[in-house]
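Chemist: Below is the structure, and that's it, no one-letter string:
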Ligand code: TYD
């Protein structure tokens, strides 16, 4: 089973992924944890190019192709072989992140992006996608908790993150059988219980 964790920055999805792993392992399941961009040696090299502060002039099209290159490698090197071996893969971000951030957030052509994502993943879709949904301002304030004043850049960031958030909700509405929306603006223990219940239910099926 291939499960992805999606959501805006500051939604707490990585914390939830990490606390789910031991629960599944206790049930005797073979769990693989990975993340994007990265997850393979080649993918981690690509990740450092994407994240490098020196690369401020990177064009959005170049950035997308790098995300896709990292993803193509991850699918072939790790995800498909692990699925074939009957493992459970928990992946922190996947193709939906590109649609939400580059498509809805940065306004790039979503039809073209969809074709590109199909090419990069060879059409591999998650069995289940958990969306950790949080109002953009709450997510941003969580990340900027040391900031004293909200400034113009924060405002810009807020608008971007609102587009990302509503993009995610639109994606989830288009494929309700794949997505589960989780209210991430609650204490993490409460969210954890909900995630465990969703997984137990899904694995039973
Ligand atoms: P990361 O440090 O992994 O943060 P997070 O914990 O939020 O996942 O940074 C990943 C950043 O890259 C995050 O802001 C989302 C963005 N991103 C895209 O814009 N497009 C993509 O396809 C992916 C995978 C990530």
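Modeler: Perfect, thanks for sending it. Bear in mind the structure is a predicted one, so any value in this text is a computation, not a measurement.

Chemist: Any buried residues in the helix ranked longest in the chain, and which?
Modeler: Determined from DSSP state H, the single longest helix within the chain is helix 152-174. Within helix 152-174, the residues that count as buried by 16 or more other Cβ atoms under 10 Å are 157-158, 160-165, 167-169, 171-172. Where C-beta positions appear, they are placed from N, C-alpha and C, glycine not excepted.

Chemist: Same list, those residues, but as TSV with pLDDT please.
Modeler: Shown next, in TSV, are the buried residues of helix 152-174 (pLDDT from 0 to 100):
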residue	pLDDT
157	85
158	89
160	93
161	93
162	95
163	96
164	95
165	96
167	98
168	98
169	98
171	98
172	98
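
Chemist: which of the residues you listed lies closest to the ligand?
Modeler: For the buried residues of helix 152-174, the residue nearest the ligand by Cβ to the nearest ligand atom is residue 164; the value is 8.4 Å.

Chemist: quick one: the closest one and residue 105 touch, right?
Modeler: Yes. Contact criterion Cβ atoms under 8 Å: residue 164 and residue 105 qualify, at 4.4 Å.

Chemist: contacts for the longest helix of the chain?
Modeler: 6-9, 96, 99-101, 103-107, 129, 131, 133-137, 139-140, 144, 147, 179, 181 (Cβ atoms under 8 Å, 6 or more residues apart in numbering).

Chemist: The residues you listed in strands, which ones?
Modeler: Judged by DSSP state E, those include 6, 129, 131, 133, 179, 181 as members of strands.

Chemist: overlap between the residues you listed and the residues near the ligand?
Modeler: Filtering the ones in strands among the contacts of helix 152-174 for proximity to the ligand by Cβ under 6 Å from any ligand atom leaves nothing.

Chemist: Just the buried ones from those?
Modeler: 6, 129, 131, 133, 179, 181.

Chemist: what's the most distant pair in those?
Modeler: Longest distance between any two of these is 11.9 Å, between 129 and 133; criterion Cβ to Cβ.

Chemist: any idea how far residue 48 lies from the ligand?
Modeler: In this view, residue 48 and the ligand are 12 Å apart by Cβ to the nearest ligand atom, to the nearest Å.

Chemist: secondary structure element for that residue?
Modeler: helix 41-51 (DSSP states H and E).

Chemist: Residues contacting that helix, please?
Modeler: So helix 41-51 is contacted by 36-38, 55, 58, 63, 66-67, 69-71, 73-74, 77 (Cβ under 8 Å, 6+ apart).

Chemist: Figure out how far it is from the centre of its chain.
Modeler: 16 Å (Cα atoms, centre = their mean, to the nearest Å).

Chemist: hmm, the next helix or strand after it touching the ligand?
Modeler: Note on helix 41-51: by DSSP H and E, the next helix or strand toward the C-terminus is helix 60-74. Yes. Part of helix 60-74 sits near the ligand under the criterion Cβ under 6 Å from any ligand atom, namely residue 67.
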